[in-house]
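Q: Next input, structure requested:
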Amino acid sequence: MATRWAAVVRRLPTDDWLVVGWVLATEVLLLIFGVRSFHMIEDKRVPAHLGWLEIWNRWDALHFQRIAEAGYSASDKLKAWFYPLYPWCVRWTSYLTGNSLVAAFVVSGIALLIAAVIFRRLISLDFSDDVARRGVWFFLIFPTAYYLHIGYTESLFLALTFGAIFAARKERWWLAGVLGALSWATRANGIILLPTLAIEAAHQWYLQKRWRWQWLWIGIVPLGFAVYLLLNWRISGNPFAFLKMRGQLFHMSFSWPWIGIKSAIGNLHRTPNQAEIVGGEEFFATLLVLVCAIVSWIKLRPSYATWITGNWLLLVSVTFIESMPRYAITMFPIFIFFGMLSKSHFWYGVITFWSVLMLAIFSSLFLRGWWVF
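A: Next up is the predicted model:
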């Protein structure tokens, strides 16, 4: 056993182990920060037993945990709004941990380790190792990076998405298709993998001038969405029930992008808290992603530009923008640009300070049960 472990250690590059260390360190520091922040702000002790995890069990995490424990039910049709792969993974892992809350953190933690390692390797395909390391660093300390560690879908979704894109870059198209399908079974914006992988295939054809039948594996990506439609049909009798649920849960509908942006600007005139959270931060994140999307078409591969542009359009083409700072963490070209820009010590310090400062503020509010994206 020791020999096998030593072989694994030797097989992984030093930079991969550095990334693994960063993930584990940020996980531990975030949990410690959570407890101490809760004590200071709430002026009460963290609940006994698993309280250090329970204080992070807020909002959507509660729904995922209940689905993991009880499954989907026709008596609670709104649960069908949530894509199934993450709660299913939590349910399966809970058989080993004996607790669904612990299982949620285990699933997110393992998925984040995988996502961070693949992301570093993905960046290294086009840029220096320094840019790759810095890109992963800014990914791990992004202001909404606490969602990567807790009972949310972000880490699993990114592990599958990075895996699919990396497999496509390595021309392992069967794996790209399988991981893409699993990604779409995790979150709605898995749909953007279809054009992303198609553009990657087209780019490879442009460079190689050679047709490959393996590109047809992209066609299995919608199987993840088919599972979601089947779930909606089984619970409510309508495979597209989620469209109606969107209006019931969030009171939003599809619209032109400028309508959503205008609503975010209008929110700047609300109460101070709402002006900052649903106004200023939503608008800033929307603007940041838009700038990175535009620059992506000049500086990055067309498939990466397709990914960030498609996600941005999906999120702003609504009557009001919601959770853009949280969803921005899945738009990985942002962190590639941060890694490139931070070659300057000045910008490295500025971006790091901004990220850590906002991460502390947002996670502290989240711990109190406030809605923070």
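Q: And Ala6, what's its pLDDT?
A: As predicted, Ala6 sits at a pLDDT of 55.
Q: meant to ask about Trp256, not that
A: Reading off the model, Trp256 has pLDDT 88.
Q: isn't it right up against Thr319?
A: No. Using Cβ atoms under 8 Å, Trp256 makes no contact with Thr319, being 9.5 Å away. In short, each C-beta sits where N, CA and C put it, glycine included.
Q: So those two - more neighbours on which side?
A: Thr319 (17 against 12; other Cβ atoms under 10 Å).
Q: mind checking how far that one is from Trp371?
A: Separation of Thr319 from Trp371 (Cβ to Cβ, to the nearest Å): 18 Å.
Q: And Ser344, by the same measure?
A: 36 Å.
Q: Give me the more crowded residue out of those two.
A: For Ser344 versus Trp371, the count of surrounding residues by other Cβ under 10 Å is larger for Trp371: 14 against 11.
Q: wait, is that one part of a strand?
A: No. Trp371 is assigned coil when assessed by DSSP: H, G, I helix; E, B strand; the rest coil, not a strand.
Q: Select the longest helix from this protein.
A: The longest helix of the chain (DSSP state H) is helix 14-42.
Q: Please name every helix or strand in contact with that helix.
A: Contact analysis of helix 14-42 by 3 or more Cβ pairs under 8 Å, 6 or more residues apart in numbering; DSSP states H and E lists helix 51-54, helix 100-124, helix 129-140, helix 345-367 as its packing neighbours.
Q: how many degrees apart are the last one and helix 14-42 in direction?
A: Helix 345-367 runs at 50 degrees relative to helix 14-42, counting by axes from the mean of the first three to the mean of the last three Cα atoms, to 10 degrees.
Q: same deal with the second one?
A: With the same axes, to 10 degrees as the basis, helix 100-124 and helix 14-42 are set at 140 degrees to each other.
Q: Helix 100-124 vs helix 129-140, what angle?
A: 150 degrees.
Q: So which elements touch helix 100-124?
A: Using 3+ Cβ pairs under 8 Å, 6+ apart, helix 100-124 sits against helix 14-42, helix 51-54, helix 60-70, helix 85-97, helix 129-140, helix 154-169, helix 333-341.
Q: between those helices, which gets nearest to Ala104?
A: helix 85-97 (4.9 Å; Cβ to Cβ).
Q: Can you list the neighbours in contact with the closest one?
A: With contact meaning Cβ atoms under 8 Å, 6 or more residues apart in numbering, helix 85-97 is reached by 64-65, 67-69, 71, 100, 102-104, 106-107, 151-153, 156-157, 182, 185-186, 224.
Q: Go ahead and flag the most central residue of the chain.
A: Glu154 (3.2 Å; Cα atoms, centre = their mean).
Q: Once you drop chain neighbours, what's closest to that residue?
A: Tyr147 (4.6 Å; Cβ to Cβ, 6 or more residues apart in numbering).
Q: Tell me which residues touch the nearest residue to Phe332 once chain neighbours are set aside, please.
A: Excluding its sequence neighbours, the residue lying closest to Phe332 (Cβ to Cβ, 6+ apart) is Phe119, at 6.6 Å. Neighbouring residues of Phe119 by Cβ under 8 Å, 6+ apart: 135-136, 139, 158, 162, 332, 335.
Q: Kindly report the same for Ala104.
A: Per Cβ under 8 Å, 6+ apart, neighbours of Ala104: 57, 61, 64-65, 68, 90, 150-151.
Q: Okay, now the unreliable bits of the chain?
A: Along the chain, the parts satisfying pLDDT under 70 run over 1-10.
Q: The host helix or strand of Ile199 versus helix 154-169: what angle between them?
A: Here Ile199 is covered by helix 193-208, with elements defined by DSSP states H and E. Computed by the same axes, to 10 degrees, the angle separating helix 193-208 from helix 154-169 equals 30 degrees.
Q: which residues touch helix 193-208?
A: 161, 164-165, 168-169, 171, 173, 176-177, 180, 183-184, 211-212, 215, 218, 221-222, 301-304, 306-307, 310.
Q: Show me which of those residues are buried.
A: 161, 164-165, 168-169, 173, 176-177, 180, 183-184, 215, 218, 221-222, 301, 303-304, 306-307, 310 (16 or more other Cβ atoms under 10 Å).
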